[in-house]
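Enquirer: need the 3D shape of this:
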Amino acid sequence: MLKKSEAVGVVGSRRWTVGDPKGEQASIGGPQSRQACTLIHLRVTQGMSFLHVVFTASPNTPDSVQNDWWTTKCGVSNREQEGRAPGQTYSSPSGSSPWQVAIYTVGRSGRVHQGNMDFLCVGTIIAPSIVITAASCLFNENIKKAIRPERLRVVAAKQSLSLKFERDAQMKEVQFVIMKVTYEGEITSQAENLVILATQRPFFFNKYVQPACVDVNLKLSQEALDKGFRNNTIEGVTFGLSKELREGVFKFQNLTSCQRRISEDSEYQNYLHYDKFCIDTPKGGLPQDKGMGLVALLEGRYYLQGVLSENIEQEFSVVTNVSEHSTWLKQVVAKAMDDLQCKNMFICANKACIVHSRKCDGFDDCGDGSDESFIECGTQPLSSTNKYRKICQLPYLHTGGFYVKDKDRTCSGSDCYLGGGEEVSTGQSVRVSCGLGTAAPDSNPLGAYACLSSGDWSPEQPRCMPQCEPLVKPHVNVKCEYNYVAVNCSNYMRPGTVATYKCDLFFTLKYDLVRGDTNCLEEGKWLNDPPECDPDCGVPNPLVTNTTLTIAHGVDTKNVLEYPWHVGIHSTNTSAGVHRWSNQCGGTLISSHLVLTAAHCLHWGDVFRRFDKKDLLITAGKYKRDFYDTEQHQQSSAVSS
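Expert: Below you'll find the predicted structure:
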């Protein structure tokens, strides 16, 4: 079990080494290339143990460190699993892959603005201050050197590659980069293609930013990889050409199967090392796809299994198997944790860390009195009557969001951000920035809070109020009001919002007893779900009156709206080399995708051969036979079967 320690900033980028089980060493350095990546998850049926390193975001006593809520929370996602087919892609909502980060470089000045940030690749959070990705993402093959840590930025909860503001995104500076000294890029065909990034400040964990669990049981992991995963498929998320996150489903190939797909004399065999497996990528890959994390789903949690290394052929890509480097990873993370702990801070006797300005100030900040001892201060130890400093602790915002120091001119940028569990001195104030789906409470709409001398928050405990989800449903017309003022039903809404709804024209409530309104409750849930509206069938248009039923040679209809289920079936014919659509017969719309007509209507009369579906077109909302006489309500559709 790794010990817990504080994550704080470290100055400098010196080299250091970590022992490797194979006699190798790890070194701080970095690699470089311009790349975007894909994050993937895998399903397995075997059990796994896992590594999950814990840091704290602020000076705390050992007791408070033991109670950090994220010690058991890793690999949790709101991702839908059912109904996904290999080769297909799907939208990737916030929180679907909360461990994914985007890695950028900035200009030599180290300052961040839209003109000087370039996207490199993605990585995977495995601890509050630790990210893993492919070494090839950061390695410059031309000069065989790494990007310096001070030029790197890591951003979590990023839904788009554009540099637009995203409320739940968290940007962190990188303190140092650790890779195996045996990594040499293309010279060794991307062997040992892994790298660790340690951020100066930890991520604030919530539903949109969380670590992936890391499996350390080599036997079970290797067994899962050898036998294949559930349905032999894996899922992933990537920044596509649209620069938006898209999730896809891919087939898994173990190393042996992958090696069989390439001729023995092919140069690509050099990339299939002992620590690799493959995924099918029939549409090919982008150079930016290196570094994506592969995770395995087990009992509701996702465990990191691999990091994408190379797309060596159009048909498949090579992944570095994390379980083959598990011992190295544990040692590197443990060393990074120790290196981040208590840098430029006072180390208490109980191994807690405090800033030097709090030593010998008359308060027991360590919790064991060591910061106020005679040895440190040259004065008598504190009495029990003035032992502790009055401070306020920020509550965790489990639904997302963070705090910002208010009216503090001593900080700038991300240094002004605070997370749950951090402490605020009396007299200081903060503002809460609530995450997606939450908002500041009505009692304090500005989200401003002050720490009183009593150690209490004013005007109340900082919090974010859960909101109700948007009300968007096909063919349902919804109107929403909050305090008698209309609000947008497509956005998240505050508790107390009242929504009224009715079905669109030509649609009817599926269940007659359903209420026509609902309320947003305090817990952020709607009292009733929106209704379902089915299309009307067999009902003449209520907008047209005095309709007369007709048959051929009967009374003319007044307009097309009288009988909205009627459609025209058009077939194509060729005259003088020109294709034109002509009316073949009529039909009846019996659902949104089904039309009923006479069978002989779709056969050639002379040879009794059925029309090919590509030669047919269905047109609704037409009053005239002529397809090319376009009308106001005309809708056309090809035939699928």
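Enquirer: all strands for the stretch 151-300 of the chain, in order.
Expert: Shown for the stretch 151-300 of the chain, the strands assigned by DSSP state E, counting those that start in this stretch span residues 152-156, 170-180, 195-199, 213-215, 233-239, 245-253, 276-280, 293-298.
Enquirer: and the next helix or strand past the last one?
Expert: What that stands for is strand 293-298. Sequence order places strand 301-310 as the next helix or strand after strand 293-298, per DSSP states H and E.
Enquirer: paired strands for that following strand, with orientation please.
Expert: strand 213-215 (parallel), strand 293-298 (antiparallel), strand 316-321 (antiparallel) (DSSP bridges).
Enquirer: before we move on, back to that, would TSV of the strands of the stretch 151-300 of the chain with distance to F205 and mean pLDDT be doable?
Expert: All C-beta atoms are positioned from the backbone trio N, CA, C, and that covers glycine. Formatted as TSV, those follow (distance: least, Cβ to Cβ, whole Å; pLDDT from 0 to 100):
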stretch	distance to F205	mean pLDDT
strand 152-156	9	93
strand 170-180	10	89
strand 195-199	13	93
strand 213-215	13	82
strand 233-239	19	74
strand 245-253	20	79
strand 276-280	28	86
strand 293-298	16	80
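Enquirer: tell me which of the strands paired with strand 301-310 sits most buried.
Expert: strand 293-298 (a mean of 27; mean count of other Cβ atoms under 10 Å).
Enquirer: now the angle between strand 276-280 and that one, please.
Expert: 90 degrees (axes from the mean of the first three to the mean of the last three Cα atoms, to 10 degrees).
Enquirer: export strand 293-298 to PDB, keeping only CA atoms.
Expert: Taking Å, rounded to 0.1, in the frame of the first residue of the first chain, the C-alpha atoms of strand 293-298 are listed here in PDB:
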ATOM      1  CA  GLY A 293      -5.500   5.400 -22.600                       C
ATOM      2  CA  LEU A 294      -7.100   1.900 -22.900                       C
ATOM      3  CA  VAL A 295      -9.200   0.900 -19.900                       C
ATOM      4  CA  ALA A 296     -11.000  -2.200 -18.900                       C
ATOM      5  CA  LEU A 297     -14.500  -2.200 -17.300                       C
ATOM      6  CA  LEU A 298     -14.800  -4.400 -14.200                       C
END
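Enquirer: in JSON lines, list the strands paired with strand 301-310 along with distance to F277.
Expert: Below are the strands paired with strand 301-310 laid out as JSON lines (distance: least, Cβ to Cβ, whole Å):
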{"stretch": "strand 213-215", "distance to F277": "14"}
{"stretch": "strand 293-298", "distance to F277": "9"}
{"stretch": "strand 316-321", "distance to F277": "5"}
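Enquirer: for P535, find the nearest of those strands.
Expert: Nearest to P535, of all the strands paired with strand 301-310, is strand 293-298, at 38.3 Å by Cβ to Cβ.
Enquirer: off-centre distance for that closest one?
Expert: A distance of 14 Å separates the centroid of the chain from that of strand 293-298, by Cα atoms, centre = their mean, to the nearest Å.
Enquirer: now stretch 102-114: mean pLDDT?
Expert: Stretch 102-114 shows a mean pLDDT of 73.
Enquirer: still on that earlier bit, format the strands of the stretch 151-300 of the chain as JSON lines; extra columns: distance to V498.
Expert: Output for the strands of the stretch 151-300 of the chain, formatted as JSON lines (distance: least, Cβ to Cβ, whole Å):
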{"stretch": "strand 152-156", "distance to V498": "36"}
{"stretch": "strand 170-180", "distance to V498": "35"}
{"stretch": "strand 195-199", "distance to V498": "44"}
{"stretch": "strand 213-215", "distance to V498": "42"}
{"stretch": "strand 233-239", "distance to V498": "37"}
{"stretch": "strand 245-253", "distance to V498": "34"}
{"stretch": "strand 276-280", "distance to V498": "49"}
{"stretch": "strand 293-298", "distance to V498": "39"}
